[in-house]
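A.B. asks: sequence and predicted structure below; questions after.
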Amino acid sequence: MAELARSRGFLVLHPPVPLWDKHRRLSTGPEQPWQAVDGTFYTANFGIMNVNPNEFGTSLESTVCSKEEQDNAILNMYMERKSLVLQFLQSNLSPQLLEHHHKKVELLKKCYYYIEVMPSRITLRDQNHVLIPTDVFQIIDPWKLQRMKKVARTQTEIQLVLLTDLLEQLQRGREELVCYVETSDVITFLSKWDLVMQKLSDLSELMNKVLSLQVPGRLHAKHRLVSHADIKGTRIPNIKLFLSTKMPVVFDRKESVAHKNWAHLKWFTENQESPLEQYELHFRLLKHGTQTELGQRGIVAINSNTCVVCDLLPDRSYEFTIRRAETYTLVYETWHDTITLTTVNSAEDSSTCEPDLADRKGLLIFST
């Protein structure tokens, strides 16, 4: 056809390359003038070529579905990660758990700390090569032991300070996480997820430190506590030092009462220790003026959990303090329980202190 057209003097025009417009339609653009060989101008218009409308609808729906799926995926990720943080706050860092640890630390501050030596007994040979069981403190250098007791006291003080500081950090960390979860939108929450994960890891590590510091640890001695000369050639045992604790002693405020000229005191420990434990009871008259009243004070050792103090003055207030008896291995104590009791007026109570009023094992009579 092209050859036939040329033979008859017609101009054959080739259309320009089609262009894609934003509506996904083929267009040749505007009409363009063409000039023939003889100089005459001609115009060719190829119009617009449309794509299948069904294809266009399907593509649009696919785009909408993809957007919805992406939004749903982001929302699901947000909910999962938010749930992870909330679970951590409710289990690993709950207010009840933090309160428990706060009470535990306050209790530890009231405890008594002792240095323990292991083994407690060793076997030595005398000049006749006879084996003799010996208390380990008999061969330990007293000066070196005193130095280790100072180290133990310092270690105890540092641990208690660290525990208090760590709990404060945990409390602040929890508050920061709660604020972050409650105030952050989806995009902000997800964009800072790496920081959140690092925060959770740091708080978990802090909690592990709290748990480890609540248990007194081993003491490391830089020098030997026993010299070769002290044991005369016997092999030096591997002596280890540890810190141990005992619970504070607390007055039973229901059972501790004062009468006209005597008072009955009772105390206990949380773990209900053996009654053979040694205690010291301190008492004093709070206000005194006469020489007789100046004598109303004293300290007594007792291995019971009850005591009757007699020969008190009527209508007076007395302060009683209970503590554990000091021993050679005690390294740290700062708290003792104190109770104030007021004896009744002589006209209100006619009872007097008699041995039958209390167990004789715990009966102590003080003369003024």
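C.D. replies: Good, I have the coordinates. Everything numeric in this text was worked out from a predicted model, so none of it was measured.
A.B. asks: quick one, helices of the stretch 1-150 of the chain?
C.D. replies: All helices of the stretch 1-150 of the chain, identified by DSSP state H, counting those that start in this stretch, fall at 2-7, 53-91, 95-110, 142-183.
A.B. asks: a markdown table for the ones you listed, including mean neighbour count and mean pLDDT?
C.D. replies: All C-beta spots, glycine's among them, are computed from the backbone N, C-alpha and C. Below are these laid out as a markdown table (neighbours: other C-beta atoms under 10 Å; pLDDT from 0 to 100):
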| stretch | mean neighbour count | mean pLDDT |
| --- | --- | --- |
| helix 2-7 | 9 | 47 |
| helix 53-91 | 12 | 78 |
| helix 95-110 | 14 | 96 |
| helix 142-183 | 15 | 93 |
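A.B. asks: what stretches of the stretch 151-300 of the chain score poorly on pLDDT?
C.D. replies: Along the stretch 151-300 of the chain, the parts satisfying pLDDT under 70 run over 220-224, 227-236, 272-275, 288-294.
A.B. asks: helices of that one, start to end?
C.D. replies: Listed in chain order, the helices of the stretch 151-300 of the chain (DSSP H, counting those that start in this stretch) span 186-191, 193-213, 228-231, 291-294.
A.B. asks: any idea which of those gets closest to Ala73?
C.D. replies: helix 186-191 (11.1 Å; C-beta to C-beta).
A.B. asks: burial measure for Leu341, as a count.
C.D. replies: Leu341 has 21 neighbours, counted by other C-beta atoms under 10 Å.
A.B. asks: now it, nearest residue through space, not along the chain?
C.D. replies: Nearest non-adjacent residue to Leu341, counting by C-beta to C-beta, 6 or more residues apart in numbering: Ala258, 3.8 Å away.
A.B. asks: so what's the closest residue to Val309 other than its chain neighbours bridging to?
C.D. replies: Of all residues not flanking Val309 in the chain, Ala263 sits nearest, at 5.0 Å (C-beta to C-beta, 6+ apart). Note on Ala263: beta-bridge partners by DSSP bridges are Ala258, Val309.
A.B. asks: follow-up on the earlier one: next up, the contacts around the residue nearest to Leu341.
C.D. replies: Residues in contact with Ala258 (C-beta atoms under 8 Å, 6 or more residues apart in numbering) are His264, Leu312, Tyr318, Leu341, Thr342, Thr343, Val344.
A.B. asks: buried ones among those residues?
C.D. replies: Taking 16 or more other C-beta atoms under 10 Å as the criterion, what is buried in the contacts of Ala258 is His264, Leu312, Tyr318, Leu341, Thr343, Val344.
A.B. asks: any idea which of the contacts of Ala258 is closest to Val85?
C.D. replies: Closest approach between these and Val85, by C-beta to C-beta: Leu341, at 52.5 Å.
A.B. asks: which strand or helix spans the closest one?
C.D. replies: Following DSSP states H and E, one finds Leu341 within strand 337-342.
A.B. asks: and for the closest residue to Thr329 other than its chain neighbours, the neighbour number?
C.D. replies: Spatial nearest neighbour of Thr329, chain neighbours left out: Tyr114 (4.5 Å); criterion: C-beta to C-beta, 6+ apart. Using other C-beta under 10 Å as the criterion, Tyr114 is surrounded by 21 other residues.
A.B. asks: now swap in the one 10 residues further on and tell me
C.D. replies: Using other C-beta under 10 Å, Leu124 has 18 other residues around it.
A.B. asks: I'd say it and Ile132 touch.
C.D. replies: Yes: contact criterion C-beta atoms under 8 Å: Leu124 and Ile132 qualify, at 5.2 Å.
A.B. asks: between those two, what contacts are shared?
C.D. replies: Counting by C-beta under 8 Å, 6+ apart, Leu124 and Ile132 have no common neighbour.
A.B. asks: wait, Ser256 sits on Leu281?
C.D. replies: No: the criterion here is C-beta under 8 Å, and Ser256 misses it with Leu281 at 11.1 Å.
A.B. asks: so what sits against both of these two?
C.D. replies: Common neighbours of Ser256 and Leu281 are listed as Leu265, Phe320 (criterion: C-beta under 8 Å, 6+ apart).
A.B. asks: between the two, tell me which one has more neighbours.
C.D. replies: Between Ser256 and Leu281, counted using other C-beta under 10 Å, the more crowded position is Leu281 (21 against 18).
A.B. asks: I figured that one hits Val300, correct?
C.D. replies: Yes: counting by C-beta under 8 Å, Val300 is a contact partner of Leu281 at 5.3 Å.
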